[in-house]
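Trainee: curious how this folds, go ahead:
(one chain, ligands or ions: 1)
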Amino acid sequence: MLRAVPLFQDLSDTDFALMNDLAIEKHVPKGTVVMTEGTVGDSLFTISSGRVKVFIGDEDGREIILKILGPGDFFGEMSMIDSQPRSASVATLEPSVFKVLSHQAFAQCLERAPRIATLVMQALAKRLRDADRKISTLALMDVYGRVANTLLELAIDSNGKLVVGEKLSQQDIANMVGASREMVNRILKDLSDRGYITVESKTITIHDQKLPPSF
Ligand code: CMP
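Mentor: All right, here's what the predicted structure looks like:
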(Lines give C-alpha, C1' and ligand atoms only; values in the text may rest on other atoms or scores of the structure.)
Protein backbone atom coordinates (compact mmCIF):
# COMPACT_ATOMS: atom_id res chain seq x y z
CA MET A 1 0.00 0.00 0.00
CA LEU A 2 2.87 2.31 0.79
CA ARG A 3 3.94 2.11 -2.85
CA ALA A 4 0.87 4.17 -3.67
CA VAL A 5 2.26 7.06 -1.63
CA PRO A 6 3.84 9.42 -4.21
CA LEU A 7 6.57 10.27 -1.73
CA PHE A 8 8.04 6.78 -1.91
CA GLN A 9 7.59 5.96 -5.57
CA ASP A 10 11.20 6.79 -6.40
CA LEU A 11 12.70 4.26 -4.02
CA SER A 12 14.22 1.15 -5.57
CA ASP A 13 12.57 -2.14 -4.61
CA THR A 14 15.37 -2.84 -2.12
CA ASP A 15 15.18 0.59 -0.51
CA PHE A 16 11.44 0.44 -0.50
CA ALA A 17 11.53 -2.90 1.30
CA LEU A 18 13.94 -1.42 3.84
CA MET A 19 11.74 1.59 4.41
CA ASN A 20 8.68 -0.64 4.70
CA ASP A 21 10.50 -2.58 7.42
CA LEU A 22 11.42 0.63 9.24
CA ALA A 23 7.88 2.00 9.14
CA ILE A 24 5.50 1.01 11.90
CA GLU A 25 1.94 0.25 10.86
CA LYS A 26 -0.77 1.79 13.04
CA HIS A 27 -4.45 0.91 12.90
CA VAL A 28 -6.47 3.71 14.45
CA PRO A 29 -10.23 3.88 15.08
CA LYS A 30 -12.42 6.78 13.97
CA GLY A 31 -12.35 9.89 16.15
CA THR A 32 -8.81 9.42 17.52
CA VAL A 33 -6.43 12.34 17.92
CA VAL A 34 -3.13 11.08 16.50
CA MET A 35 -1.20 14.34 16.81
CA THR A 36 -1.72 17.27 19.17
CA GLU A 37 -0.84 20.86 18.37
CA GLY A 38 2.04 22.18 20.47
CA THR A 39 3.49 18.81 21.43
CA VAL A 40 6.92 17.59 20.45
CA GLY A 41 6.94 15.19 17.54
CA ASP A 42 9.51 13.58 15.33
CA SER A 43 7.57 11.17 13.18
CA LEU A 44 6.00 11.31 9.76
CA PHE A 45 2.67 9.63 9.09
CA THR A 46 1.61 8.41 5.66
CA ILE A 47 -2.01 7.44 5.16
CA SER A 48 -2.53 3.94 3.75
CA SER A 49 -6.29 4.10 4.19
CA GLY A 50 -8.83 6.31 5.90
CA ARG A 51 -9.10 10.07 6.25
CA VAL A 52 -7.98 12.62 8.81
CA LYS A 53 -8.71 16.23 9.59
CA VAL A 54 -5.88 18.67 10.33
CA PHE A 55 -7.21 21.27 12.74
CA ILE A 56 -6.46 23.94 15.28
CA GLY A 57 -8.63 24.11 18.37
CA ASP A 58 -9.14 26.46 21.28
CA GLU A 59 -9.84 25.86 24.98
CA ASP A 60 -13.61 26.13 24.45
CA GLY A 61 -13.56 23.17 22.08
CA ARG A 62 -14.03 25.29 18.97
CA GLU A 63 -11.91 24.28 16.01
CA ILE A 64 -11.00 25.32 12.51
CA ILE A 65 -10.29 22.53 10.05
CA LEU A 66 -7.27 23.44 7.92
CA LYS A 67 -7.37 20.44 5.64
CA ILE A 68 -8.75 16.96 5.15
CA LEU A 69 -6.18 14.39 4.05
CA GLY A 70 -6.70 10.90 2.62
CA PRO A 71 -4.86 7.86 1.21
CA GLY A 72 -1.46 8.71 -0.26
CA ASP A 73 -1.16 11.93 1.75
CA PHE A 74 1.29 12.44 4.59
CA PHE A 75 1.47 14.66 7.67
CA GLY A 76 3.80 15.42 10.54
CA GLU A 77 6.64 16.48 8.24
CA MET A 78 6.84 20.04 9.57
CA SER A 79 8.10 19.17 13.06
CA MET A 80 10.54 16.73 11.52
CA ILE A 81 11.95 19.46 9.31
CA ASP A 82 12.19 22.36 11.79
CA SER A 83 12.22 20.52 15.17
CA GLN A 84 9.41 22.79 16.39
CA PRO A 85 6.27 21.56 18.18
CA ARG A 86 3.38 20.23 16.09
CA SER A 87 1.74 23.08 14.18
CA ALA A 88 -1.74 21.56 14.32
CA SER A 89 -3.67 18.59 15.64
CA VAL A 90 -4.69 15.65 13.51
CA ALA A 91 -7.65 13.33 14.16
CA THR A 92 -9.14 10.41 12.24
CA LEU A 93 -12.51 10.95 10.52
CA GLU A 94 -12.79 7.22 9.82
CA PRO A 95 -10.94 4.06 10.82
CA SER A 96 -7.48 4.60 9.34
CA VAL A 97 -4.21 2.79 8.72
CA PHE A 98 -0.95 4.72 8.87
CA LYS A 99 2.67 3.91 8.22
CA VAL A 100 4.75 5.87 10.71
CA LEU A 101 8.39 6.72 10.05
CA SER A 102 10.70 7.98 12.77
CA HIS A 103 13.00 10.91 12.06
CA GLN A 104 15.91 8.50 11.73
CA ALA A 105 14.05 6.22 9.31
CA PHE A 106 12.99 9.19 7.22
CA ALA A 107 16.59 10.45 7.10
CA GLN A 108 17.63 7.03 5.81
CA CYS A 109 14.99 7.22 3.06
CA LEU A 110 16.23 10.67 2.08
CA GLU A 111 19.77 9.41 1.82
CA ARG A 112 18.72 6.63 -0.51
CA ALA A 113 16.31 8.67 -2.63
CA PRO A 114 17.15 12.40 -2.39
CA ARG A 115 14.26 13.22 -4.74
CA ILE A 116 11.97 12.64 -1.76
CA ALA A 117 13.16 16.04 -0.47
CA THR A 118 11.90 17.69 -3.66
CA LEU A 119 8.55 15.93 -3.33
CA VAL A 120 8.21 17.12 0.27
CA MET A 121 9.04 20.68 -0.83
CA GLN A 122 6.43 20.46 -3.59
CA ALA A 123 3.85 19.24 -1.07
CA LEU A 124 4.75 22.10 1.29
CA ALA A 125 4.41 24.62 -1.55
CA LYS A 126 0.98 23.21 -2.39
CA ARG A 127 -0.06 23.44 1.26
CA LEU A 128 1.02 27.07 1.38
CA ARG A 129 -0.95 27.83 -1.79
CA ASP A 130 -4.03 26.12 -0.33
CA ALA A 131 -3.55 28.00 2.94
CA ASP A 132 -3.26 31.32 1.04
CA ARG A 133 -6.52 30.55 -0.74
CA LYS A 134 -8.16 29.68 2.54
CA ILE A 135 -7.01 32.92 4.18
CA SER A 136 -8.40 34.97 1.30
CA THR A 137 -11.68 33.05 1.40
CA LEU A 138 -12.04 33.56 5.15
CA ALA A 139 -11.18 37.24 4.90
CA LEU A 140 -13.00 38.23 1.73
CA MET A 141 -16.08 36.04 1.34
CA ASP A 142 -19.28 36.06 3.34
CA VAL A 143 -20.29 32.82 5.03
CA TYR A 144 -22.59 31.82 2.17
CA GLY A 145 -19.73 32.15 -0.30
CA ARG A 146 -17.38 30.25 2.02
CA VAL A 147 -19.73 27.28 2.25
CA ALA A 148 -20.36 27.30 -1.52
CA ASN A 149 -16.63 27.58 -2.22
CA THR A 150 -15.80 24.74 0.17
CA LEU A 151 -18.35 22.46 -1.49
CA LEU A 152 -16.79 23.18 -4.89
CA GLU A 153 -13.29 22.53 -3.54
CA LEU A 154 -14.30 19.19 -2.03
CA ALA A 155 -16.32 18.04 -5.05
CA ILE A 156 -14.97 15.46 -7.47
CA ASP A 157 -16.23 14.41 -10.88
CA SER A 158 -18.20 11.19 -10.51
CA ASN A 159 -19.68 9.91 -13.78
CA GLY A 160 -20.06 13.43 -15.10
CA LYS A 161 -21.57 14.75 -11.88
CA LEU A 162 -19.89 17.00 -9.33
CA VAL A 163 -20.21 15.17 -6.04
CA VAL A 164 -18.95 15.83 -2.53
CA GLY A 165 -18.52 12.20 -1.61
CA GLU A 166 -16.59 12.75 1.60
CA LYS A 167 -18.70 11.85 4.55
CA LEU A 168 -18.64 15.21 6.26
CA SER A 169 -21.00 16.32 8.97
CA GLN A 170 -22.48 19.80 8.90
CA GLN A 171 -20.31 20.48 11.96
CA ASP A 172 -17.21 19.51 9.93
CA ILE A 173 -18.21 21.93 7.15
CA ALA A 174 -18.90 24.60 9.78
CA ASN A 175 -15.41 24.04 11.21
CA MET A 176 -13.90 24.39 7.75
CA VAL A 177 -15.52 27.77 7.06
CA GLY A 178 -15.55 29.29 10.55
CA ALA A 179 -19.34 29.32 10.98
CA SER A 180 -21.94 27.68 13.22
CA ARG A 181 -23.52 24.35 12.34
CA GLU A 182 -26.92 26.06 12.30
CA MET A 183 -25.74 28.56 9.69
CA VAL A 184 -24.31 25.78 7.50
CA ASN A 185 -27.61 23.93 7.81
CA ARG A 186 -29.50 27.05 6.67
CA ILE A 187 -27.20 27.62 3.71
CA LEU A 188 -27.32 23.98 2.55
CA LYS A 189 -31.13 24.08 2.76
CA ASP A 190 -31.24 27.32 0.78
CA LEU A 191 -28.91 25.95 -1.91
CA SER A 192 -31.03 22.82 -2.07
CA ASP A 193 -34.35 24.76 -2.24
CA ARG A 194 -32.94 26.83 -5.10
CA GLY A 195 -31.93 23.68 -7.00
CA TYR A 196 -28.18 24.25 -6.86
CA ILE A 197 -27.45 21.10 -4.87
CA THR A 198 -29.07 17.85 -3.81
CA VAL A 199 -28.24 16.61 -0.32
CA GLU A 200 -28.57 12.83 0.11
CA SER A 201 -27.75 11.09 3.37
CA LYS A 202 -24.07 12.09 3.37
CA THR A 203 -23.32 13.03 -0.23
CA ILE A 204 -23.97 16.37 -1.86
CA THR A 205 -24.42 16.66 -5.63
CA ILE A 206 -23.71 20.06 -7.17
CA HIS A 207 -25.88 20.87 -10.19
CA ASP A 208 -24.52 24.29 -10.99
CA GLN A 209 -20.86 25.19 -10.63
CA LYS A 210 -21.82 28.86 -10.35
CA LEU A 211 -23.19 28.63 -6.86
CA PRO A 212 -25.01 31.82 -5.83
CA PRO A 213 -23.08 34.32 -3.71
CA SER A 214 -25.73 34.91 -1.05
CA PHE A 215 -29.24 34.26 0.26
P1 CMP B 1 3.51 19.01 12.05
O2 CMP B 1 3.55 20.46 12.38
O3 CMP B 1 4.68 18.18 12.35
O4 CMP B 1 2.22 18.38 12.77
C5 CMP B 1 0.92 18.77 12.32
C6 CMP B 1 0.84 18.51 10.84
O7 CMP B 1 -0.35 18.93 10.22
C8 CMP B 1 1.90 19.32 10.10
O9 CMP B 1 3.17 18.85 10.48
C10 CMP B 1 1.48 19.11 8.68
O11 CMP B 1 1.84 17.83 8.24
C12 CMP B 1 -0.04 19.17 8.85
N13 CMP B 1 -0.52 20.51 8.49
C14 CMP B 1 -0.40 21.65 9.21
N15 CMP B 1 -0.99 22.68 8.57
C16 CMP B 1 -1.50 22.19 7.44
C17 CMP B 1 -2.25 22.74 6.35
N18 CMP B 1 -2.60 24.03 6.30
N19 CMP B 1 -2.60 21.91 5.34
C20 CMP B 1 -2.28 20.59 5.38
N21 CMP B 1 -1.60 20.00 6.39
C22 CMP B 1 -1.20 20.79 7.39
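
Trainee: check what contacts the helix or strand of the chain with the lowest mean pLDDT and list those residues.
Mentor: The weakest-scoring helix or strand in the chain, judged by mean pLDDT, DSSP states H and E, is helix 13-22 (a mean of 82). Residues outside helix 13-22 that contact it (C-beta atoms under 8 Å, 6 or more residues apart in numbering) are Leu2, Arg3, Phe8, Leu11, Lys99, Leu101, Ser102, Ala105, Gln108, Cys109, Arg112, Ala113. Any C-beta I mention is one placed from the backbone N, CA and C, and that applies to glycine too.

Trainee: try it again with 7 Å
Mentor: Leu2, Arg3, Phe8, Leu11, Leu101, Ala105, Gln108, Cys109, Arg112, Ala113 (C-beta atoms under 7 Å, 6 or more residues apart in numbering).

Trainee: please apply the same query to stretch 103-121.
Mentor: Contacts of stretch 103-121 (C-beta under 7 Å, 6+ apart): 6-7, 10-11, 15, 19, 22-23, 42-44, 77, 80.

Trainee: stretch 83-98 near the ligand at all?
Mentor: Yes. Stretch 83-98 reaches the ligand (C-beta under 6 Å from any ligand atom) through Arg86, Ser87, Ala88, Val90.

Trainee: where in the protein is pLDDT low?
Mentor: Within the chain, the segments meeting pLDDT under 70 span 1-2, 215.

Trainee: near the ligand, which residues of it show up?
Mentor: Proximity of the chain to the ligand is confined to 35, 41, 54, 66-67, 75-79, 86-88, 90, 127, 131 under the rule C-beta under 6 Å from any ligand atom.

Trainee: in what helix or strand does the residue most central in space within the chain lie?
Mentor: By C-alpha atoms, centre = their mean, the chain has its centre lying nearest to Ile68, at 2.1 Å. Here Ile68 sits within strand 63-69, counting by DSSP states H and E.

Trainee: ok, then the element right after that strand?
Mentor: Per DSSP H and E, the first helix or strand lying C-terminal to strand 63-69 is strand 74-75.

Trainee: direction included, what does that following strand pair up with?
Mentor: Note on strand 74-75: by DSSP bridges, its sheet partners are strand 43-49 (antiparallel).

Trainee: re earlier: now, of the contacts of stretch 103-121, which are buried?
Mentor: Leu7, Asp10, Leu11, Asp15, Met19, Leu22, Ala23, Ser43, Leu44, Glu77, Met80 (16 or more other C-beta atoms under 10 Å).

Trainee: between those, which is nearest the ligand?
Mentor: Closest approach to the ligand among the buried ones among the contacts of stretch 103-121 (C-beta to the nearest ligand atom): Glu77, at 5.1 Å.

Trainee: so where's the longest helix in the chain?
Mentor: helix 115-140 (DSSP state H).

Trainee: run the angle between that helix and strand 43-49 for me.
Mentor: For helix 115-140 against strand 43-49, the angle by axes from the mean of the first three to the mean of the last three C-alpha atoms, to 10 degrees is 80 degrees.

Trainee: can you mark which positions in helix 115-140 are buried?
Mentor: Along helix 115-140, these residues count as buried under the neighbour rule (16+ other C-beta under 10 Å): Ile116, Leu119, Val120, Ala123, Arg127, Lys134, Thr137.

Trainee: many thanks, I have nothing further to ask.
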